[in-house]
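Student: starting from these lines, generate the structure:
(chains A, B, C and D)
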Protein chains: 4
Amino acid sequence: MDVAIVGVTGYSGTVLYTLLANHPEIDQINLYGHVNEGEDGTVRYLDELVPGFHGQHVPIQKFDSAQIMMDNAAVFFATSAGVSSQLAGDFIDADFPVIDLSGDYRLTDPAEYEKWYHKPSAPAEHLQKASYSLADFPQETSNYIANPGCYATATLLGLAPMVQADLIDPDSIVVDAKSGTSGAGKKLTEITHFTEASDNLQLYGINTHKHIPEIVAQLQKWNDEVQAIQFSTTLLPLTTGLMASIYAKVKPGVTQTKLMKAFNDDYADAPFVNVLDGQTPDLKEVVGTNNCDIGVVFNPVTQTVMVISVIDNLMKGAAGQAVQNFNHLFNIDEKVGLPTLPAFV
Amino acid sequence: MDVAIVGVTGYSGTVLYTLLANHPEIDQINLYGHVNEGEDGTVRYLDELVPGFHGQHVPIQKFDSAQIMMDNAAVFFATSAGVSSQLAGDFIDADFPVIDLSGDYRLTDPAEYEKWYHKPSAPAEHLQKASYSLADFPQETSNYIANPGCYATATLLGLAPMVQADLIDPDSIVVDAKSGTSGAGKKLTEITHFTEASDNLQLYGINTHKHIPEIVAQLQKWNDEVQAIQFSTTLLPLTTGLMASIYAKVKPGVTQTKLMKAFNDDYADAPFVNVLDGQTPDLKEVVGTNNCDIGVVFNPVTQTVMVISVIDNLMKGAAGQAVQNFNHLFNIDEKVGLPTLPAFV
Amino acid sequence: MDVAIVGVTGYSGTVLYTLLANHPEIDQINLYGHVNEGEDGTVRYLDELVPGFHGQHVPIQKFDSAQIMMDNAAVFFATSAGVSSQLAGDFIDADFPVIDLSGDYRLTDPAEYEKWYHKPSAPAEHLQKASYSLADFPQETSNYIANPGCYATATLLGLAPMVQADLIDPDSIVVDAKSGTSGAGKKLTEITHFTEASDNLQLYGINTHKHIPEIVAQLQKWNDEVQAIQFSTTLLPLTTGLMASIYAKVKPGVTQTKLMKAFNDDYADAPFVNVLDGQTPDLKEVVGTNNCDIGVVFNPVTQTVMVISVIDNLMKGAAGQAVQNFNHLFNIDEKVGLPTLPAFV
Amino acid sequence: MDVAIVGVTGYSGTVLYTLLANHPEIDQINLYGHVNEGEDGTVRYLDELVPGFHGQHVPIQKFDSAQIMMDNAAVFFATSAGVSSQLAGDFIDADFPVIDLSGDYRLTDPAEYEKWYHKPSAPAEHLQKASYSLADFPQETSNYIANPGCYATATLLGLAPMVQADLIDPDSIVVDAKSGTSGAGKKLTEITHFTEASDNLQLYGINTHKHIPEIVAQLQKWNDEVQAIQFSTTLLPLTTGLMASIYAKVKPGVTQTKLMKAFNDDYADAPFVNVLDGQTPDLKEVVGTNNCDIGVVFNPVTQTVMVISVIDNLMKGAAGQAVQNFNHLFNIDEKVGLPTLPAFV
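Tutor: Numbering: from 1, shown residues only, chains lettered A, B, ... in the order given. Next up, the predicted model:
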């Protein structure tokens, strides 16, 4: 099978390329630029753009939706917000398989998209054809997969069993999330300038983070009592990895045992989700993998459960989940092509 | 004035030495070892023990409480838990000024100390003579100052105005605290091994951290409705700095304006506490200073206030606050000898 | 094919396990402890010992050379210095395939081993049966592979073409090498305590580093004019990666062009070695791979060539090269099972 | 005494402000912008521009050389290359005291400046009125101090005794220098983007670094046998601190003892320079100080001396040395206002 990547030069795109290059069901990866790349006559090649990608002399071709559909079985968008909303319409109209790593089709309401993203939305009829697909909760989907955001993934996997089984006060959810700098992308910014970010913690997007609405929408699908969550994001002095520290008051009678039963029920058949009983995972134990490790610690004194959910933001939080969703879509075993052993050092 | 330090070779002790060496009211600093240092005939000197302390050829003398009281106007204990409980009795009996940076006299009940510290307590009558003194809330104290813990300081300064003015639900307090590795001291441990700690987040002491009881005890002095707090600590991949991310549901009718009034009232005359309205401080903006910077952000959607409180764990969280408490005790302007401009880079 | 690892719990051993677990020619990995592991009746399992190794419920069996040879086609020693010298004799006597990642069989003279390692040597007749095998210069070997050290690998690959082609003054070689902390292993030490190592550079083993003699011995095999090298090692505030910055005066008439010809000739068929002409590689572009990237920059003003050679110290510098040597020994394509695309972020 | 800073918002400028704010001979610091700051009617204040500088509500005034001379006793330029060459002429013509932290007046030949800096030079007659002043080698100067560059300072202090006493082969000098990212300034660049710089080493300015000509010029003043040096710079994953690792062949008969005699003779009266005999300093032991710590290690096997010279690039390498030069110029004890005890953690 040949597949296309649009936007390979971002961090998620590069990780995605590496995963697909090692995927046994993929024959060839074709690359397409979404802006001017390849348009001025001088074609650029992947090995010139990514340090260390020796031998990957793959051209970045001009974006052309008809050509992409002719030459590939599926297309991955690893583009920034605001790109696939403008470019993906042809694929939706043709019902061509798309896995979209960006946020452009995660919300169903154009007005809500524009409120949180401050960009023009894709048309409502296109939004409604997309399936928001948390890959560890496999479901029937359309051919347009809206791959969840990194913060949303860690948060939703940490909350799902408790929200589904109605074990927590839906009005008490607090998520103190932290991420490495690769989540902020390649764009040069002051908060990701090394001299500023090193030895530092910086909060950003307080109460305005784009991932809030997709989290709340998914929680509401599971339990319509959830109205809102308190959610903050802190930039860590490291490149890769994301931790969601989740707190909630439990409902009367809930215990560690009942909590663990809910988590174990949900994730018994989820090969990438590992649940720790009364312990917490280290961030680094998932870096380099498609895993989500979750620690569940109930505090009887405060009647509060703390859930620590860790992922690699570029893998499970982006490219890894995209491949997992691709595997689902093409009826390939979901584990194929996805690492589960961390580098750790 | 001459002063003594017991335990100068730890991180807090070294920072304390530097502050006192630059303090205009201090003539000489005498150093004392609490274990075998200086006892085997070979006296050790500070400049041999701390890299870069060229010219500080100050001997570590044998601990002798009578001699210490004869030669000094005050003594600082910068020792680990379990030391001053065994050594400080003579000073208490003589009502000699002590600033104790350790946790040994922070709790008033021996049984509670032994429950949280797993070490023998100082005698109850000695514990009761100590004053737990959060230096930015100056008060009448005894001559034995129990200097607050680093996590306790950031948490209490972040919570004080809201708890005192009864603005938050006392049952809803969540503190997600994070600290650099220097807070864990010089002892070699697996979680502070560079290869493990770098690029990582590690939680520790979940629901069992020693600072929890001193926080709750102080909150109860301010507002007896507080029964417990949900409190976690995460080890950061950086050496210096501590952030307490505090969440609580507000009481009905509380707004950002009312919150800010409470903070500004409390800290109008506190030269080291800076309050940000609707913004959050970066960790690094207080490193190297005795400041506590506090950001207050109310979220009307969740009726939750988020307070971000940052300190340098070795300064305001240890040695700086100790000097501030020393200044209070000796009627010196509290600002003397204490830096307020961060290095930042 | 089944293979054995002795010493899987160190950093190199863990990386080796991951590589072998993904190696298509390996059916099963058997693990053996070299000390007391598994000896007290309570068998330990890999997934209990390595965070994040969920599902790798592989027992650490008691070391037994006869049993190991019965159950495996080859054995990897990923042990510290001083272990295989005591344990590997049976394998040598039986001419059983061994890949030894430690330094115990890299030197041929017992006295020299004891001078540099301060430990008892393996017997001289055993040392002489081992083949020091720099995997990117494949050669006929015995069945006992002494896998080169990490510093030696980066340094030798950077120097080889120039020394072999006699392009540099053999008396002028300076190697300023730097490595991440994982090279120092899991043992807790002061220089690898996070608070000391972070934001710091620390030199160690000045003129006494164990890798010096194996480098000089190999250089002398290529060019007997080399007598000694000036070599220093600096500990970096990062976990993984090693850079050798190499300087030498060129012989008269040598130019950038002649230098590049020597490098390109040597590495034309080396799939893991990439040479940059007049540019220098970043350390991180090889992390996670078995590559060695080498930059060659001639300075006509000083008649000095600077060569920057970077490797992942646990991959090309340890486990990766071990697998590459294993592939050579078993006539498997050397590229099998070895990653070449870096994670980069 | 009142003093002026032009360019306070850069990293060196901010450190300089902090030093001057704590300098007992300085009454007031006046700040001036060199570009548009303060020109559009909305004056900016220091406390708005530097996080954590609470209470430093000092306006950035419009640059006006006449006004600056009227209101101040001296002016510091903490500007980027290419600024003081355009702005400082009036001060030179008036023989007004200037300490210039930039490189604009470090070279005496306009053509050489333009070759290395790629910017228009100050006029030759102005260049010749400036004094290049390595503060630890105090000398008679003009009123225009060209403060040395950070790399130049560490390198020159490490080489001076050996070059002056003619102990090394002048053709054999190799300097492998490494610096934290703050040396690259606040400008956002790809190599200082956190995701790129973290866990990485990146070389830059190979054989073209601006500090090379000032180093060679100063060495030639001491010993006209020196023609050139081999010099490279590596960007470290830390913010503050600079290490020059210096290698040279010694002349016949030179020993560790003779080397140490030369270093001790030169630095006997230098309060900020500390020399280690046969040991090497850690980078971090000088961070936060105006010190230069130097380790000298002779290797008899290679007849090579390795000198490790470490400084805080913003202190001794910029603002600290500027204050030391200011002290010299105004006959203040050179130690005044300059820290010598490192923070270390």
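
Student: am I right that A:Glu196 sits in a helix?
Tutor: Yes - A:Glu196 sits within a helix when classified using DSSP: H, G, I helix; E, B strand; the rest coil.

Student: quick one: secondary structure of A:Asp265?
Tutor: What three-state DSSP gives for A:Asp265 is helix.

Student: so what's the nearest residue to it once chain neighbours are set aside up against?
Tutor: Leaving out its chain neighbours, the residue that sits closest to A:Asp265 by CB to CB, 6 or more residues apart in numbering or on different chains is A:Pro161, at 7.0 Å. For the C-beta atoms, the positions are set from N, CA and C on the backbone; glycine is no exception. Contacts for A:Pro161 (CB atoms under 8 Å, 6 or more residues apart in numbering or on different chains) come out as A:167, A:259, A:262-263, A:265-267.

Student: swap in A:Asp166?
Tutor: Taking CB under 8 Å, 6+ apart, we find A:Asp166 in contact with A:223, A:225, A:251.

Student: using CSV, list the CA coordinates for stretch A:219-239.
Tutor: What follows is stretch A:219-239, C-alpha atoms only, in CSV (Å, rounded to 0.1, in the frame of the first residue of the first chain):
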residue,chain,number,x,y,z
LEU,A,219,-16.8,13.4,27.9
GLN,A,220,-20.3,14.4,27.3
LYS,A,221,-20.8,11.6,24.8
TRP,A,222,-19.8,9.2,27.6
ASN,A,223,-21.7,11.0,30.4
ASP,A,224,-24.0,13.9,29.8
GLU,A,225,-23.6,15.2,33.3
VAL,A,226,-20.2,16.6,32.5
GLN,A,227,-20.5,20.3,31.7
ALA,A,228,-16.9,21.7,31.9
ILE,A,229,-13.5,20.9,33.2
GLN,A,230,-10.8,23.0,34.9
PHE,A,231,-7.8,22.5,32.6
SER,A,232,-4.4,24.1,32.5
THR,A,233,-1.2,23.5,30.5
THR,A,234,2.3,24.0,31.7
LEU,A,235,5.3,23.9,29.4
LEU,A,236,8.1,21.6,30.7
PRO,A,237,11.8,22.0,30.2
LEU,A,238,12.0,18.8,28.1
THR,A,239,11.2,18.1,24.5
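
Student: pLDDT of that stretch, averaged?
Tutor: For stretch A:219-239, mean pLDDT is 98.

Student: ditto for stretch A:270-288
Tutor: For stretch A:270-288, the mean per-residue pLDDT is 98.

Student: rewinding a little: what subset of the contacts of A:Asp166 is buried?
Tutor: With burial judged by 16 or more other CB atoms under 10 Å in any protein chain shown, the buried subset of these is A:223, A:251.

Student: kindly reformat the contacts of A:Asp166 as CSV containing distance to B:Tyr113.
Tutor: Putting those into CSV (distance: CB to CB, whole Å) gives the following:
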residue, distance to B:Tyr113
A:Asn223, 43
A:Glu225, 43
A:Lys251, 35
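
Student: you'd agree the residue nearest to A:Asp265 is in a helix?
Tutor: Yes - A:Pro161: assigned to a helix according to three-state DSSP.

Student: read off the pLDDT value for it.
Tutor: On pLDDT, A:Pro161 comes in at 98.

Student: what about it, distance to chain D?
Tutor: Distance, A:Pro161 to chain D, by CB to the nearest CB, to the nearest Å: 33 Å.

Student: burial measure for the residue of the stretch 51-200 of chain A found nearest chain C, as a count.
Tutor: Distance from chain C to each residue of the stretch 51-200 of chain A (CB to the nearest CB) is smallest for A:Gly52, at 3.2 Å. Around A:Gly52 there are 23 other residues, counting by other CB atoms under 10 Å in any protein chain shown.

Student: settle this for me: it is touching C:Leu341, isn't it.
Tutor: Yes - with contact defined as CB atoms under 8 Å, A:Gly52 and C:Leu341 form a contacting pair (7.3 Å).

Student: any common contacting residues for these two?
Tutor: Residues within reach of A:Gly52 and of C:Leu341 at once, by CB under 8 Å, 6+ apart, are C:Thr289.

Student: about what we covered before: tell me the SS of the residue of the stretch 51-200 of chain A closest to chain C?
Tutor: Secondary structure for A:Gly52, judged by three-state DSSP, is coil.

Student: returning to what we had before: output the contacts of A:Asp166 as CSV; include the columns secondary structure and distance to A:Ile60.
Tutor: What follows is the contacts of A:Asp166, written out as CSV (DSSP: H, G, I helix; E, B strand; the rest coil; distance: CB to CB, whole Å):
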residue, secondary structure, distance to A:Ile60
A:Asn223, coil, 44
A:Glu225, coil, 48
A:Lys251, coil, 53
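
Student: closest one to chain D out of the contacts of A:Asp166, please.
Tutor: For those, the nearest to chain D is A:Asn223 (36.5 Å; CB to the nearest CB).

Student: what about the residue nearest to the closest one when sequence neighbours are not counted, distance to chain D?
Tutor: Leaving aside its sequence neighbours, A:Asn223 sits nearest to A:Val163 (CB to CB, 6+ apart; 4.7 Å). Going from A:Val163 to chain D by CB to the nearest CB gives 33 Å.

Student: and for A:Ala244?
Tutor: Distance of A:Ala244 to chain D, given as CB to the nearest CB: 21 Å.

Student: shouldn't that residue be within a strand?
Tutor: Yes - assessed with three-state DSSP, A:Ala244 lies in a strand.

Student: kindly report the residues of the stretch 151-300 of chain A close to chain D.
Tutor: Counting by CB under 8 Å from any CB of the partner chain, the stretch 151-300 of chain A comes close to chain D at A:180-182, A:184, A:186, A:188-190, A:192-195, A:197-199, A:237-239.

Student: report the buried members of the residues you listed.
Tutor: Going by neighbour count (16+ other CB under 10 Å), these have A:180-182, A:184, A:186, A:192-195, A:197-199, A:237-239 buried.

Student: where does A:Asn38 land on pLDDT?
Tutor: Heads up, residue A:38 is Gly, not Asn. We have a pLDDT of 48 for A:Gly38.

Student: that'll do, ta.
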